[in-house]
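>>> Model the following, please.
(chains A and B)
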Amino acid sequence: MEAIGVLMTCPMSLYLEQELDRRFKLFRFWNFPQKKEFLREYSPSIQAVVGNATVGADADLIDSLPGLEIVANFSVGLDKVDLEKCREKAIRVSNTPDVLTEDVADLAIGLILATLRRICESDRYVRTGMWMAGDFKLTSKFSGKSVGIIGLGRIGLAIAKRAEAFGCPISYYSRSRKPDSKYRYFPSVVELASNCSILVVACPLTNETHHIINRQVIDALGPKGVLINIGRGPHVDEPELVSALQEGRLGGAGLDVFEHEPEVPEQLFGLDNVVLTPHVGSGTIETRMAMADLVIGNLEAHFLNKPLLTPVV
Amino acid sequence: MENQEVAAKLLPKVLILEPPGVFTAFETEFSQKFECLRAWESPIPTDEFLDAHARSVEAMLVSGFTPITSSVLHRVPSLRCIVTTSVGLDHMDLQECRRREIAVANAGNVFSEDVADLAVALLIDVLRRITAADRFVRGEIWPIKGEYPLGSKLGGKRVGIVGLGSIGLDVAKRLEAFGCILSYNSRKKKPSVPFPFYSNACELAANCEVLVICCALTEETHHMINYEVLSALGKEGVVVNIARGGIIDEKELVRCLVQGDIAGAGLDVFENEPEVPRELFGLANVVLSPHRAVFTEESFRDAFELILGNFEAFFSNKPLLSPVMDV
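Just a heads-up that it's a prediction; the model follows:
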């Protein structure tokens, strides 16, 4: 398969790069500052694109790759892939579900705990010597608090299972009620937010879920409420979130994703009731390797005319 | 004003040497039910204060930080009940209490969940580098450096719990939901517990990637986590301590962390609080917390209710709500 050209859209995993290099003819898109020239010269030989949550395969890129057969994503979210276009052109699409579910759920709980129990702030308190001058303040308990989950897919369910171990009552919002679910359903995000202490965004990003967390939802969550976003930055109306946090209309937030990564609103840096992580939901050595293996597996399956391991289109 | 003073004098007396945080938070409410003998407010030395005012006092409220030695007990000869706001009892001469037939009540399980929550919080933070990542973002390094170093997956990690009391069990229950593989060390094997028991901390460490310290500090457990245990834990090992600093040989722990002989640590307690070894401040694989495992607003309220309940029980000759050892 060394003749098959694979275009990797941005740096995402050294291990994946190495494995792709060994099996295919790998093109690292970010090494070519003159993208148009690169595409003119090499596009005929590119049959696969490997994208991720940062840079995927939009309409422009797909149109400029006449030989494109498959987009194999190094992520489970597909918001950066023009699925319509792929369907139109019979281009296969695969993603990396399941292997990253646990890590993302673990991070969601980690962010809840860090935000409520002020872990980052108290670490700063110790490191800067302030503990010598007096005790740290009281923080907020997690166990037993009500957790509302937007999106009860694999990740949402994994978050629910973990939160249950802390005695948290679970409720959710989803496009439709899940008849087999033992958790309490709310038919709107505002109602969900009004009835929980901790609201977690765990749904895919689509046109419908863009800015699903808006001013109304934030106000419903309230000054003691905490928002956790392990979905996509555009799920949240970021300027609204920032002003709510600054004004104390929202109790706190744990955010792994932002509307314009890697830019993060600097007003958040001065707040001690927020925890900020740089899109590391699946960021463990073990999981990134499993994701990379799945990308390779999907590519090999396609070029050997076998069924894709984790097909989307 | 006079009636209030008279009413106060009819209230049962409770001696307080140093005000526990829970007392201070709810002082008004407490003072409405009990007459508080505030030793710390008196200008005369404690010994003299006790001789002058505490001869007939039957009940005392203490925190985990005030040593209750036999010489203190000697000066409160009518004492029959001590309520400590802590779970830990290492600050009290329990043998002397037993000899004097003084009933002791502690915080029972009121803080267990919060302590377990903090243990899990510290573990996730160390493995997933949450606090270090927060510094990375706040320091505006993300746009410059791009990728953040990868952490380590929690699921599938073998976690050894040292001390399987109510806190240890709460930690186990939580970590099971994350797919951790549990085992424990305790003074005695517990037949109802489904996961493996190891008779000493070293063997436990040899079979785990994570150690969570949840036991009491006693003569036996002092420096129980020493060089041997840490090397058995190994280079991928993580230690979480939400119990007492003295259970770990701190110098050895610091050496292991600085030299990379273990992978990381989440610490809420230290041998000589509030002093923390400075060598830890430069390490990104360590998360430091200023002994706050129990300190949430919710548990303070719960603790206060428990303290009130214990004193009310004592003064109405009913069994204490959270006795450690009864008369």
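>>> residue contacts, A:Pro262?
For A:Pro262, the contact set (C-beta atoms under 8 Å, 6 or more residues apart in numbering or on different chains) comprises A:Pro278, B:Trp142, B:Pro143, B:Gly146. Bear in mind the C-beta positions are built from the backbone N, C-alpha and C, glycine included.
>>> counting contacts, what elements does the helix ranked longest in chain A pack onto?
Looking across chain A with DSSP state H, the single longest helix is helix A:285-303. Packing partners of helix A:285-303 (3 or more C-beta pairs under 8 Å, 6 or more residues apart in numbering or on different chains; DSSP states H and E): helix A:14-23, strand A:46-51, strand A:70-73, strand A:92-94.
>>> try 10 Å this time
strand A:5-8, helix A:14-23, strand A:46-51, strand A:70-73, strand A:92-94, helix A:101-116 (3 or more C-beta pairs under 10 Å, 6 or more residues apart in numbering or on different chains; DSSP states H and E).
>>> give me the number of residues near residue 112?
Using chain A here. 29 (other C-beta atoms under 10 Å in any protein chain shown).
>>> Can you look at chain B instead?
22.
>>> need the contact list for the spatially closest residue to it that is not a sequence neighbour.
Spatial nearest neighbour of B:Ser112, chain neighbours left out: B:Ser166 (4.5 Å); criterion: C-beta to C-beta, 6 or more residues apart in numbering or on different chains. Residues in contact with B:Ser166 (C-beta atoms under 10 Å, 6 or more residues apart in numbering or on different chains) are B:Val87, B:Gly108, B:Asn109, B:Phe111, B:Ser112, B:Glu113, B:Val115, B:Ala116, B:Cys214.
>>> same thing with B:Ala303?
Contacts of B:Ala303 (C-beta under 10 Å, 6+ apart): B:20-23, B:25-26, B:85-87, B:107-108, B:110-111, B:114, B:294-296.
>>> when you check chain A, which of those residues turn up near it?
Counting by C-beta under 10 Å from any C-beta of the partner chain, B:Gly21, B:Ala25, B:Asp114, B:Val294, B:Phe295, B:Thr296 from those sit close to chain A.
>>> Of those, keep whichever come out buried.
For these, a burial check counting by 16 or more other C-beta atoms under 10 Å in any protein chain shown picks out B:Gly21, B:Ala25, B:Asp114, B:Val294, B:Phe295, B:Thr296.
>>> where does the chain have low pLDDT?
Answering for chain A, as no chain was given. Applying pLDDT under 70 to chain A flags no residue at all.
>>> was after chain B, sorry
In chain B, residues with pLDDT under 70: B:1-9, B:325-327.
>>> If you count neighbours, what's buried in the lengthiest helix in it?
Longest helix in chain B, counting residues (DSSP H): helix B:297-315. Within helix B:297-315, the residues scored as buried using 16+ other C-beta under 10 Å are B:298-300, B:302-304, B:306-311, B:313-315.
>>> Out of those, which is nearest to chain A?
Closest approach to chain A among these (C-beta to the nearest C-beta): B:Glu298, at 4.0 Å.
>>> Give me the neighbour count for B:Ile262.
So B:Ile262, with other C-beta under 10 Å, has 22 neighbours.
>>> For the residue of the stretch 151-300 of chain B found nearest chain A, which residues are in contact?
Closest residue of the stretch 151-300 of chain B to chain A, C-beta to the nearest C-beta: B:Ala177 (3.6 Å). Neighbouring residues of B:Ala177 by C-beta under 10 Å, 6+ apart: A:Ala105, A:Ile109, A:Ala158, A:Ala160, A:Lys161, A:Arg162, A:Ala163, A:Glu164, A:Ala165, A:Phe166, B:Val120.
>>> backbone phi and psi for the residue nearest the centre of chain B, please?
By C-alpha atoms, centre = their mean, chain B has its centre lying nearest to B:Ala243, at 5.0 Å. When read as degrees, to the nearest 10, the backbone of B:Ala243 gives phi -100, psi -90.
>>> next one: A:Asp63
Note on A:Asp63: its backbone torsions stand at phi -60, psi -30 [degrees, to the nearest 10].
>>> how about the nearest residue to it, chain neighbours excluded?
A:Lys85 (7.7 Å).
>>> So the one you found versus chain B, what's the distance?
28 Å (C-beta to the nearest C-beta, to the nearest Å).
>>> And for whichever strand or helix holds that residue, what's in contact with it?
Assessed by DSSP states H and E, A:Lys85 sits inside helix A:83-88. For helix A:83-88, contacts defined as C-beta under 10 Å, 6+ apart pick out A:57-63, A:68, A:70-71, A:78, A:82, A:91-93, A:312-313.
>>> Which among those residues count as buried?
Counted by 16+ other C-beta under 10 Å, the contacts of helix A:83-88 give A:57, A:61-62, A:68, A:70-71, A:78, A:82, A:91-93, A:312-313 as buried.
>>> just to revisit the earlier point, if I read this right, the residue nearest to the centre of chain B contacts B:His222, doesn't it?
No - applying C-beta atoms under 10 Å as the test, B:Ala243 and B:His222 come out as separate, 11.6 Å apart.
>>> The closest residue in space to B:Gly88 that isn't next to it in sequence - how many residues pack around it?
Sequence neighbours aside, B:Gly64 is the residue nearest to B:Gly88 in space, at 5.3 Å (criterion: C-beta to C-beta, 6+ apart). A count of nearby residues for B:Gly64, using other C-beta under 10 Å, gives 20.
>>> surely B:Gly64 meets B:Thr85?
Yes - using C-beta under 10 Å, B:Gly64 is in contact with B:Thr85, at 6.9 Å.
>>> and for the two, which residues touch both?
Joint contacts of B:Gly64 and B:Thr85 (C-beta under 10 Å, 6+ apart) are B:Pro20, B:Gly21, B:Asn106, B:Ala107, B:Val294.
>>> What is the nearest of those residues to chain A?
Nearest member of those to chain A, counting by C-beta to the nearest C-beta, is B:Gly21, at 7.4 Å.
>>> distance of B:Val324 from B:Ala54?
From B:Val324 over to B:Ala54 the distance is 22 Å, taken as C-beta to C-beta, to the nearest Å.
>>> more neighbours, these two?
B:Ala54 (22 against 17).
>>> Please name the residues that touch that one.
Contacts of B:Ala54 by C-beta under 10 Å, 6+ apart are B:13, B:15, B:17, B:37, B:39, B:46, B:60, B:72, B:75-79.
>>> Apply 8 Å and report the result again.
Applying C-beta under 8 Å, 6+ apart, the residues near B:Ala54 are B:Leu15, B:Leu37, B:Ala39, B:Arg75, B:Val76.
>>> Packing partners of the one helix or strand the first one maps to?
Going back to what we said before, that points to B:Leu15. Here B:Leu15, judged by DSSP H and E, is contained in strand B:13-16. Packing partners of strand B:13-16 (3+ C-beta pairs under 8 Å, 6+ apart): strand B:35-38, strand B:59-62.
>>> Which of these has the highest mean neighbour count?
strand B:59-62 (a mean of 25; mean count of other C-beta atoms under 10 Å in any protein chain shown).
>>> what sits up against that strand?
With C-beta under 8 Å, 6+ apart as the test, strand B:59-62 has contacts from B:12-18, B:20, B:23, B:34, B:68, B:76, B:79-85, B:91-92, B:307, B:311, B:314-315.
>>> so how far is that strand from its chain's centroid?
19 Å (C-alpha atoms, centre = their mean, to the nearest Å).
>>> who touches the helix or strand that it is followed by?
Note on strand B:59-62: by DSSP H and E, the next helix or strand toward the C-terminus is helix B:70-74. Contact with helix B:70-74 is made by B:Leu17, B:Leu50, B:Leu79, B:Asp93, B:Glu96, B:Cys97, B:Arg100, B:Ile102, as judged by C-beta under 8 Å, 6+ apart.
>>> Domain ranges for the chain, per the record?
In the absence of a named chain, this looks at chain A. What the record gives for chain A is the domain set A:5-97+A:285-303, A:101-276, from automatic domain parsing.
>>> was after chain B, sorry
If you go by automatic domain parsing, chain B breaks into B:2-110+B:297-325, B:112-288.
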